[in-house]
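J.: Any chance you could fold what I've pasted below:
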Amino acid sequence: MSFNDPVIQILLSIIRGLAVLAVALILARFVKRWTIRVASRGRVSIHTAALLGNLARVAVVAVGIITVLPSFGVDWPGLLTVLGAAGLALSLSMQDLLKNVVAGIYILVEQPFRIGDRISVKDVTGVVQGIELRTTILTTEEGLQVVVPNSVVLNEIVTNRSVSNIQRQIIHVRTPKAGLADMSEQISEALKEHTDVAATPSPVIALERVIDGTARLRVEFWVPGPKKVATASQVAESLQARFPDANITVA
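T.: Residues are numbered from 1 along each chain as shown. You can find the predicted model right below:
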């Protein structure tokens, strides 16, 4: 039996195909691990990193399968026709999903913002809690969780309020209405005593409501992110010292 024998040729083709497929499977494992490692360095959530790793693994295996198909006598023109029709039908039925996934991949790669950044997109402002392939998850100041489709994030104007590392802090001051006359000016003076309170944007002091003779003031100021908690506590203590009868709380 010679190597020109049809049976031998078929067996050799099968062996070559299986060898290529084995190499693809081994390579897919390394590609998956590498993808997860690189994605994790970008502060992507572990779930998204794992998903990206799995997608990369599937892509490598798919390339391997396509490469070995001719070894098993698969007709390329017929296969491409079937795959093209299936791909067109799938893309038409999942247009919105695919747009969100493509936008999610762009966000994960380009990183216009990261987990922990405070951003504004459309009518929503919040802290980024997660960046998934399909959605971006924000938590607003009211503690509400907002799920924004990635296609919206990609197509809208996004303001990253954490780029300058200046973050907003809020303190509520509850005091008898009778004591409101000079309080705003005194609060402004107290804020100026703290060097970590940014002059720009300037602090905002606003009257929120008056209930049963008790007024609630909203004091907003901006501080460096790493000093946010410490500075807020210091400001609250200084305001409490100035207004011993007031109820001072950090939002």
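J.: Distance of Val102 relative to Leu239?
T.: Computed as CB to CB, to the nearest Å, the Val102 to Leu239 distance reads 49 Å. Where C-beta positions appear, they are placed from N, C-alpha and C, glycine not excepted.
J.: The two: which has the busier surroundings?
T.: With neighbours defined as other CB atoms under 10 Å, Val102 and Leu239 compare such that Leu239 has more, 20 against 14.
J.: Can you verify my assumption that that one contacts Arg174?
T.: No - applying CB atoms under 8 Å as the test, Leu239 and Arg174 come out as separate, 11.4 Å apart.
J.: Overlap of the contact sets of the two?
T.: Here Leu239 and Arg174 have 246, 248 as joint contacts, going by CB atoms under 8 Å, 6 or more residues apart in numbering.
J.: what about Val58, is that helix, strand or coil?
T.: Classification of Val58 using DSSP: H, G, I helix; E, B strand; the rest coil returns helix.
J.: Enumerate every residue touching it.
T.: Ala28.
J.: Look up the pLDDT of it for me, please.
T.: As predicted, Val58 sits at a pLDDT of 80.
J.: ok, now Val148?
T.: At Val148, the model reports a pLDDT of 90.
J.: can I assume it sits in a strand?
T.: Yes - the assignment for Val148, made by three-state DSSP, places it in a strand.
J.: In this structure it contacts Thr135, no?
T.: Yes - applying CB under 8 Å as the test, Val148 and Thr135 come out as touching, 6.3 Å apart.
J.: lowest average confidence, helix or strand, in this structure?
T.: Sorting the helices and strands of the chain by mean pLDDT, DSSP states H and E puts helix 76-93 at the bottom, at a mean of 65.
J.: Now do whatever helix or strand comes next after it, average pLDDT.
T.: The C-terminal neighbour of helix 76-93 among helices and strands, as given by DSSP states H and E, is helix 95-110. Per-residue pLDDT values across helix 95-110 average out to 78.
J.: Just name whatever secondary elements helix 95-110 is in contact with.
T.: Applying 3 or more CB pairs under 8 Å, 6 or more residues apart in numbering; DSSP states H and E, we find helix 95-110 packed against strand 124-131, strand 135-139, strand 145-149, helix 150-155.
J.: CSV please, covering the ones you listed and showing distance to Leu25 and mean neighbour count.
T.: Shown next, in CSV, are those (distance: least, CB to CB, whole Å; neighbours: other CB atoms under 10 Å):
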stretch, distance to Leu25, mean neighbour count
strand 124-131, 30, 18
strand 135-139, 32, 20
strand 145-149, 35, 15
helix 150-155, 31, 19
